[in-house]
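Chemist: model this:
(one chain, ligands or ions: 1)
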Amino acid sequence: MATQVKNKKPLHLAKMNIKKGDTVVILAGKDKLKEGTVSRAMPQTGKVIVEGLNVVKKHVRPQGQTRQGGIIEKAMPLHVSNVMLKCTECGEATRVARERRPLGNDQKLRPVRVCKHCHKVIADRTRS
Ligand SMILES: [Zn+2]
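Modeler: Have a look, this model is predicted:
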């Protein structure tokens, strides 16, 4: 299966509420209702790769000396609409609100993601 290369650039980047390092619950496909950590977020395509989930077996040809042939397992990207963010505070799969809240030592207003269940700030593991 060849990777599709799209020449078309998206007109705008879709805003995603899910970032690298987040814990998400998968809502569709063979790994439905399983949890995992986002290893890559791709706003260009609106997709995320969840570590060790949505894995397919791929048959690859050997390429010179750098790559061996055989069957490898590869995590395929999932659309953001098929995953749900798990709140770092209450542990519920939740929708996300965006707000500005005072954060850090200087209590400056910063844009943060807020859980719709417990209204607490969802921790961002790519920061701090
Ligand atoms: Zn919460």
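
Chemist: In this protein, mark out all the strands, start to finish.
Modeler: Secondary structure of the chain (DSSP state E): strands at 23-26, 35-42, 47-50, 55-60, 70-75, 78-79, 83-86, 93-94, 96-103, 108-115.

Chemist: what's the third one in contact with?
Modeler: Strand 47-50 has contacts (Cβ atoms under 8 Å, 6 or more residues apart in numbering) with 16, 18, 24, 26, 31, 36-42, 75-80, 83. Heads up, the C-betas are built off the backbone N, CA and C, glycines and all.

Chemist: hmm, try it at 6 Å
Modeler: Contacts of strand 47-50 with the rest of the structure, by Cβ atoms under 6 Å, 6 or more residues apart in numbering, involve I18, G36, V38, S39, R40, A41, A75, P77, L78, H79.

Chemist: Can you tell me which of the residues you listed is nearest the ion?
Modeler: I18 (14.8 Å; Cβ to the ion).

Chemist: Quick check: the gap between the closest one and V112.
Modeler: In this view, I18 and V112 are 14 Å apart by Cβ to Cβ, to the nearest Å.

Chemist: Just the buried residues of the contacts of strand 47-50.
Modeler: Buried members of these, scored by 16 or more other Cβ atoms under 10 Å, are I18, G36, V38, A41, A75, L78.

Chemist: Could you give the bridge partners of the closest residue to G104 other than its chain neighbours?
Modeler: Using Cβ to Cβ, 6 or more residues apart in numbering and skipping the chain neighbours, the partner closest in space to G104 is R110 (7.1 Å). R110 has these beta-bridge partners by DSSP bridges: R101.

Chemist: same deal with V24?
Modeler: The residues listed as beta-bridge partners of V24 by DSSP bridges are G36, L85.

Chemist: So what's the residue count around L53?
Modeler: L53 is flanked by 20 other residues according to other Cβ atoms under 10 Å.

Chemist: er, N82 actually
Modeler: As a burial measure, N82 scores 16 neighbours (other Cβ under 10 Å).
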